[in-house]
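>>> no sequence for this one, just the structure:
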């Protein structure tokens, strides 16, 4: 504190970590990923009382994160290491099976720097609470890639000739800059003792990335891939938009008389823009001109008319209070995503670029949900929380990662979202058992006991079935026919135009999408009940000893992990395709629940002792 009206505080944090992960990312157990990171942050906050009714808050932060990574090979399990002279700074030898790829990679260092300033002024005037402010963020990473990479893919140990050999060279050390600016104004108006209105406006500015180094290639248009051409040298990836305004409004109205149990009606609607520019950062690692060497490398192209994605959200809820602590609420809410980023993979559709990945605003989504919740905080030894949600989510955005996109028409790819779960029921119950004996040794032994229970049930999650096939750069995916066994190659020059299974390992020039729709299948439903019995010994107001016995999945119900819709390998070695290979569990800690969790799998018993102070 500087003065009575001025308060300042600052904080510096330093974190250093080192990890070695064996077999990470699907590599063999002889491949060890070495990761070292060092994080430093400086944060400062200033609060200034301008007048008795006005306060200024200002916060600033600078973060510096450096991560070094390398892949090493060892003789784990009696393996014989190859010679240490590798043909490239990164070398992958893949035998097309689970954990049958090993990798060597020189150490590389990447740096992320972020500067963030947030400021706001709050003014109270009568029944109004005004707030004005802004948020500026600047990300300036330093991207270091290994200078060369060789990737060799074989169809098992018996295959003498590799299915694919990729030789890639990377331009080292790129320094893009991402910047965003947000300004907002809002007012909370207590119109009466029953009605409160909140409304405001936010303005977003998110220009495309900038760099003083080698610039990524911009294109003239993406509507006709066959005639797509590069734009003038130095052109921006897309045009900056300046009219991205996001209005928002909400209300809370007490329907009941203040002397009765409270009945509240709440609602709101607004527009939210997505300022995430990280997708455009993929261009520095996966696209020409930063990658060279293979015969068919991808060009990551962004629509020059690209605009900020946004979501329209709304909600309406009714909450009834019972007594001093119990509430029952019902909420209907929804959102509609517009102009979402969608990446399509196109092969041999442009005479100059045989491998295109086009990012446009063709993505869209729709979400609806009905939520019913009963909440009783701890009172008179009883606490409970039960929540049921019916929801439905649809979209045509299949993957966030550009290297795992599915070759499909976005207009015909609409289906249930990957996280779409139609029914979900969760609950918690706690009861402090009354002592059956009022005094004596019986009271000391039988008092302060409590039982707790967690339960969770949900319907099956979506299951997407796709075929993976290698390309000159990574892999691509196709949906199969309803037979679930093949995709169709319509070019007669490729295998005589016959149906090929996923073992063909060909990259045809014209492939037709199968008729199995996205996420059309469902995995297994899930339900589990956990139970706990605890006893607390209080030595003083601040010190206590707690003993607890937990029974996870007390009914011993088998919850299987969803079958795998696509395997980690290509071809007939899909050992786990369409099969459930493990059990699954769900943690229910957090969200108002006590700190005991679900272990998952078969029934599990645990005994614990805790010292509370």
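Received the coordinates, thanks. Just so it is clear, the model here is predicted, and its values are computed rather than measured. Numbering: from 1, shown residues only.
>>> mind listing the strands for the stretch 151-300 of the chain?
Ranges of strands within the stretch 151-300 of the chain are 164-170, 178-190, 195-205, 244-254, 263-273, 291-292, 298-302, based on DSSP state E, counting those that start in this stretch.
>>> and the first one, how far from the chain's centre?
What it means is strand 164-170. Offset of strand 164-170 from its chain centre (Cα atoms, centre = their mean, to the nearest Å): 30 Å.
>>> what packs against it?
Other elements packing on strand 164-170 under the criterion 3 or more Cβ pairs under 8 Å, 6 or more residues apart in numbering; DSSP states H and E are strand 148-153, strand 291-292. For every residue, glycine as well, the C-beta is placed using N, CA and C.
>>> that older thread, take the strands of the stretch 151-300 of the chain and write them to JSON lines, including mean neighbour count, mean pLDDT and distance to residue 346.
Listed next are those as JSON lines, based on neighbours: other Cβ atoms under 10 Å; pLDDT from 0 to 100; distance: least, Cβ to Cβ, whole Å:
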{"stretch": "strand 164-170", "mean neighbour count": "18", "mean pLDDT": "81", "distance to residue 346": "19"}
{"stretch": "strand 178-190", "mean neighbour count": "17", "mean pLDDT": "96", "distance to residue 346": "27"}
{"stretch": "strand 195-205", "mean neighbour count": "17", "mean pLDDT": "96", "distance to residue 346": "31"}
{"stretch": "strand 244-254", "mean neighbour count": "16", "mean pLDDT": "96", "distance to residue 346": "29"}
{"stretch": "strand 263-273", "mean neighbour count": "17", "mean pLDDT": "96", "distance to residue 346": "28"}
{"stretch": "strand 291-292", "mean neighbour count": "17", "mean pLDDT": "84", "distance to residue 346": "17"}
{"stretch": "strand 298-302", "mean neighbour count": "26", "mean pLDDT": "89", "distance to residue 346": "10"}
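>>> among those, which is nearest residue 380?
Proximity to residue 380 (Cβ to Cβ) singles out strand 263-273 among the strands of the stretch 151-300 of the chain, at 23.3 Å.
>>> which helices and strands sit right next to the particular helix or strand that has residue 389 in it?
Element membership of residue 389, judged by DSSP states H and E, is strand 382-395. Applying 3+ Cβ pairs under 8 Å, 6+ apart, one finds that strand 382-395 contacts strand 355-379, strand 415-416, strand 423-433.
>>> List the buried residues in the longest one.
Going back to what we said before, that points to strand 355-379. Across strand 355-379, burial judged by 16 or more other Cβ atoms under 10 Å covers 355-365, 367, 369, 371, 373, 375-376.
>>> ditto for stretch 11-29
Using 16+ other Cβ under 10 Å as the test for burial, stretch 11-29 gives 27-28.
>>> cool, and stretch 143-161?
Residues 143-146, 148-155 are the ones in stretch 143-161 that count as buried (16+ other Cβ under 10 Å).
>>> all helices in the protein, in order from the N-terminus.
With DSSP state H, the ranges of helices along the chain come out as 278-281, 283-286, 440-446.
>>> so which of those is the most packed in?
Most buried of the helices of the chain, by mean neighbour count (mean count of other Cβ atoms under 10 Å): helix 283-286, with a mean of 21.
>>> now the nearest residue to residue 164 once chain neighbours are set aside, which residues is it bridged with?
Here the nearest residue to residue 164 in space, its sequence neighbours aside, is residue 153; by Cβ to Cβ, 6 or more residues apart in numbering that works out to 4.4 Å. Using DSSP bridges, the beta-bridge partners of residue 153 come out as residue 94, residue 164.
>>> Likewise for residue 148?
Beta-bridge partners of residue 148, counted by DSSP bridges, are residue 169.
>>> From what I see, residue 335 and residue 365 are in contact.
Yes. In terms of Cβ atoms under 8 Å, residue 335 counts as a neighbour of residue 365; the distance is 7.5 Å.
>>> which neighbours do those two share?
Jointly contacting residue 335 and residue 365 under the rule Cβ atoms under 8 Å, 6 or more residues apart in numbering are residue 311.
>>> so how far is residue 447 from the residue of the chain positioned farthest from its centre?
Here the chain reaches farthest from its C-alpha mean at residue 440, the gap being 56.1 Å by Cα atoms, centre = their mean. Here the distance between residue 440 and residue 447 works out to 11 Å (Cβ to Cβ, to the nearest Å).
>>> Kindly report the same for residue 430.
Per Cβ to Cβ, residue 430 is found 16 Å from residue 447.
>>> Likewise for residue 274?
According to Cβ to Cβ, residue 274 and residue 447 sit 55 Å apart.
>>> just residue 311 next, same as before
52 Å.
>>> Equivalent analysis for residue 271, please.
Residue 271 is 56 Å from residue 447, by Cβ to Cβ.
>>> circling back to that earlier point, could you dump the helices of the chain into JSON lines with distance to residue 561 and mean pLDDT added?
Below are those laid out as JSON lines (distance: least, Cβ to Cβ, whole Å; pLDDT from 0 to 100):
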{"stretch": "helix 278-281", "distance to residue 561": "29", "mean pLDDT": "80"}
{"stretch": "helix 283-286", "distance to residue 561": "30", "mean pLDDT": "82"}
{"stretch": "helix 440-446", "distance to residue 561": "42", "mean pLDDT": "74"}
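>>> List just the one of those that sits closest to residue 190.
helix 278-281 (40.1 Å).
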